[in-house]
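Participant: Sequence below, structure please.
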Amino acid sequence: MAADSILSSVMDVTLSKVISVANEQLNLAVGFRQELRRFHDTLKMIQGVLQDAEQQGMIGRPDLKPWLEGLWSIAEEADDVMDEIAYENLQYEVAQMWEKFSYFFTLSNPLAFRLKIANRIKNLNLELADLNNRATGLGLQYRLANKHPEHIETQQTDSLIGDPSKIVGRENKVLEVVESLIDSSNDQPLVVVSIMGMGGIGKTTVAKLVCNNEQIRSHFFKIMWVCVSENFNLKRILVEMLQAFGENFSVDVSQDIIVQKLEEKLREEKLREEKLMEEKLREKNYLLILDDVWNEEWQKWESLRRCLLGIGKHVGGRILITTRSENVASTMGTLSEHMHHLEKLTDEDCWSIIKQRAFVSSSFSSELEGIGRDIASKCRGLALVANVIGGSLCNNRKKDDWLSIKDNSEVWGSIEKANGVLRVLQLSFNRLPTPALKQCFAFCSIFPKGFVMEKEMLIQLWMAEGFLQPFQSFSETQLEMEDIGDKYFNALSSYSLFQDVERDSYGSNIACKLHDLIHDLAQSVSKSQILILEGGSRRNIPKDIRHLNVISDKGMVTTKLGDATKKLHTLFSQVDVFHSMSMNLRKVRALSFCGVNIDELPTFLGKMKHLRFLDVSRTKIKELPKFITKLYHLQTFRFIDCDYLNRPLKGIWDLLNLRHIYFNDRKLMPARIGRLTCLKTLQLFVVGRQKGHQIEELRCLSQLKGKLEICNLHMVRDKEEAMGARLSEKTTIQELQLAFGGESNGSKDRCKHDEDILEGLQPHSNLKGLIVECCCSKSCPTWMS
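Facilitator: As a prediction, this is how the structure comes out:
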């Protein structure tokens, strides 16, 4: 039933998108306008039929499944057709901008294209008519489709690790674990301490509170956290330990190199601590947390133990594991005195959590309190269940909604059975107010357990997949896709489906994780569409899979891809699966090679007309090929830490839809960036003297937001030229870094120059942070006062 629910949500979102785009294209369509109008109108009718099936609770009916699958197929084909029309229009717009009409006509035959599209739309209309006839036979009726999404209620969320005062019922257990870890009587080079308990009881929360304990922070010179989950992969654990030092290694690197680097980093960290404290740290160790361990194979633990003992020749270590099984704790060498069993929370503790999530600090009626306490007693002492149920009732004072959760005896009666907790958690998923929000949550299962989801990237991926369609808000101003994504992120946090929410220094949410059981929920509702594949996996890839993440490869993965790539919309890979076989990825919207050991990009990239998100960061590529500038739908382009790249991409200014660009190497600064007027993220701008690199390129980038660093300001001629950047008009830049550079000789002319430039770079008053580097001005600009 969960999979059926997400399928209907997927179709609802896709239909809404296609209907909107078809409506936009009506005025531009030449040669197929009548067919497109018919298609648009029929699709709206079908969407109304789908919403009727949802509201009548008919989606799970077996006889409806072929009809739903037929609708899904038509909706995806229609999405592709609308995208191709938009691509052709963008290609023409680029040619018009550069007056390259002859070039455009060599690339594309407009007449042949119109005939081809008209024929495809005609076929879609025939299929829709058949689908509409079949709907009547199935007892489905037309219902006027909702034009506006429901209001999404959100609240400011608290980071679980950042506010210990919000955690209830675990204070004594935290102190017991701390005592075991810092016990000076145990002089073994490697000591294992375990926190045990059933899923959702709060093991990870206790481990985080332990990490934040002052005694722990003063006792250990380095704390590393690895979410292990079901796949106890030695190399991955070592790589993630290194990430605690800011080191990013590919899983393709040999284990010996990783171990050597880890030993070096631990030794450096200990020496640094000794230098700070001006004494030898004989008793100080590192602390490694292995969260959510399932491994009961002694050999795998022994391999890790040997590595850690080898690393610890110069530094001692303590390991804290969280697990559901006492067998796992024993396998990993935990002595009985170091095993800590978590007991269930009391009903009062569960009510405290529900109250905190549902009402924050606002008041509530005694009637709701009575219902809430009944719900708390059904949580069976599981902190996660209380947290998620409380989140699903966030700011909700409707008695009927509270009663509908309390009186769901079928779900509550299964809580202690296999997958029972998942059924309770699904109550929260079912209460998500829009199909798009459900789809955004389900998509998160493409990441492995324990993965830190960066908010900006997650929203950009949702955007690439078409989940974030602009709509009129209650204030009648159209929200941008990024603003919608921000609302969705906050909503999923409010519902407690996102946890461990991290914030920046200005209080904005920047990252989160999924609890392992919440990840299981996301997988259960998306199992027909999303797959994570790891080396050694013997699972075949279903042909209908849409989103694939290849974590590692042991000669197994690439042999299984085959036809499964034809319908993919998302492909992440941490290994090179691109050169070992021919791949049909023409439907892909989001593609990530991040960290893959490749030195060139595959040529099929140039044919991916639907691509909107591309990440080639931390690869060894030596060139950004020209064909990237033909990916006209591209919205997000990331090429961070590409150390082998020596020159920027020429012609990037043709990517008119580009909204977010990420790079951190000054020599890769693209020319004529000012033509990309949709840009919202440009974290680095390098000033040059030649045309296309001058500071005036920033003039028309009025939508820039977040962080912006402008360097080489010594190359700006005068105050007037500096004012050309129009920083005062950029209302959504939060943090600005101004770096002058050049030879700082402190001469009178240089001081006057820097003073004038700084005066001309007045930012908007919304700015929250300012850094000025290598500036010779002897006075602050007037706008600073």
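Participant: hmm, who's touching stretch 11-31?
Facilitator: 33, 36-37, 39-40, 43-44, 46-47, 50-51, 54, 68, 71-72, 75-76, 78-79, 82-83, 85-86, 89, 111, 114-115, 118, 435-436, 439, 466-467, 469 (CB atoms under 8 Å, 6 or more residues apart in numbering). (C-beta placed from N, C-alpha, C; glycine too.)
Participant: Secondary structure of Leu548: a helix, I assume?
Facilitator: No: Leu548: not assigned to a helix; according to DSSP: H, G, I helix; E, B strand; the rest coil it is strand.
Participant: Touching, it and His569? I think so.
Facilitator: No: proximity of Leu548 to His569 does not meet the contact threshold set by CB atoms under 8 Å, at 9.3 Å.
Participant: Of those two, which one has the most company?
Facilitator: Neighbours were counted for Leu548 and for His569 using other CB atoms under 10 Å; Leu548 has more, 24 against 20.
Participant: what's near enough to touch the more buried one?
Facilitator: 446, 530-531, 533, 541, 564, 568, 570-572.
Participant: Go through the contacts of stretch 11-31 and flag which are in helices.
Facilitator: Residues from the contacts of stretch 11-31 lying in helices, with DSSP state H as the criterion: 33, 36-37, 39-40, 43-44, 46-47, 50-51, 54, 68, 71-72, 75-76, 78-79, 82-83, 85-86, 89, 111, 114-115, 118, 435-436, 439.
Participant: what about the helices in the stretch 551-700 of the chain?
Facilitator: Under the criterion DSSP state H, counting those that start in this stretch, helices of the stretch 551-700 of the chain are mapped to 558-561.
Participant: quick one: secondary structure of Arg306?
Facilitator: Quick answer, by three-state DSSP: Arg306 is helix.
Participant: where's it relative to Leu514, distance?
Facilitator: Using CB to CB, to the nearest Å, Arg306 is found at 32 Å from Leu514.
Participant: ok, the two, which is more surrounded?
Facilitator: Between Arg306 and Leu514, counting by other CB under 10 Å, Leu514 is the more crowded of the two (25 against 12).
Participant: tally of neighbours for the closest residue to the more buried one other than its chain neighbours?
Facilitator: Closest residue to Leu514 apart from its sequence neighbours, by CB to CB, 6 or more residues apart in numbering: Cys444 at 5.9 Å. Look at Cys444: counted by other CB under 10 Å, it has 24 neighbours.
Participant: Cys444 contacts His515, correct?
Facilitator: No: the criterion here is CB under 8 Å, and Cys444 misses it with His515 at 11.5 Å.
Participant: circling back to that earlier point, for the residue nearest to Leu514, phi and psi?
Facilitator: The phi/psi pair for Cys444 (degrees, to the nearest 10) reads phi -60, psi -20.
Participant: dump the residue contacts of it.
Facilitator: 453, 458, 514, 519, 522.
Participant: The host helix or strand of the fourth one: how far from the chain's middle?
Facilitator: Secondary structure here is read from DSSP states H and E; on that basis His519 sits in helix 516-526. Centre-to-centre, helix 516-526 and its host chain are 15 Å apart (CA atoms, centre = their mean, to the nearest Å).
Participant: so what does it touch, helix or strand wise?
Facilitator: Helices and strands touching helix 516-526, as assessed by 3 or more CB pairs under 8 Å, 6 or more residues apart in numbering; DSSP states H and E, comprise helix 2-25, helix 383-392, helix 420-430, helix 435-443.
Participant: The same query, at a cut-off of 6 Å, please.
Facilitator: Contacts defined by 3 or more CB pairs under 6 Å, 6 or more residues apart in numbering; DSSP states H and E place helix 516-526 against helix 2-25, helix 420-430, helix 435-443.
Participant: Just the pLDDT at the residue lying closest to Gln499 once chain neighbours are set aside, thanks.
Facilitator: Nearest-residue entry for Gln499: His515, 5.3 Å, with adjacent residues in sequence omitted and distances by CB to CB, 6+ apart. His515 is assigned 92 on the pLDDT scale.
Participant: in stretch 345-363, what's buried?
Facilitator: For stretch 345-363, the neighbour count (16 or more other CB atoms under 10 Å) marks 345, 347, 349-359 as buried.
Participant: Run through who's touching that stretch.
Facilitator: Stretch 345-363 has contacts (CB atoms under 6 Å, 6 or more residues apart in numbering) with 155, 168-169, 372-373, 376-377, 379, 381, 383, 386-387, 390-391, 393-394.
Participant: Quick check: which of these has the minimum pLDDT.
Facilitator: Gln155 (54).
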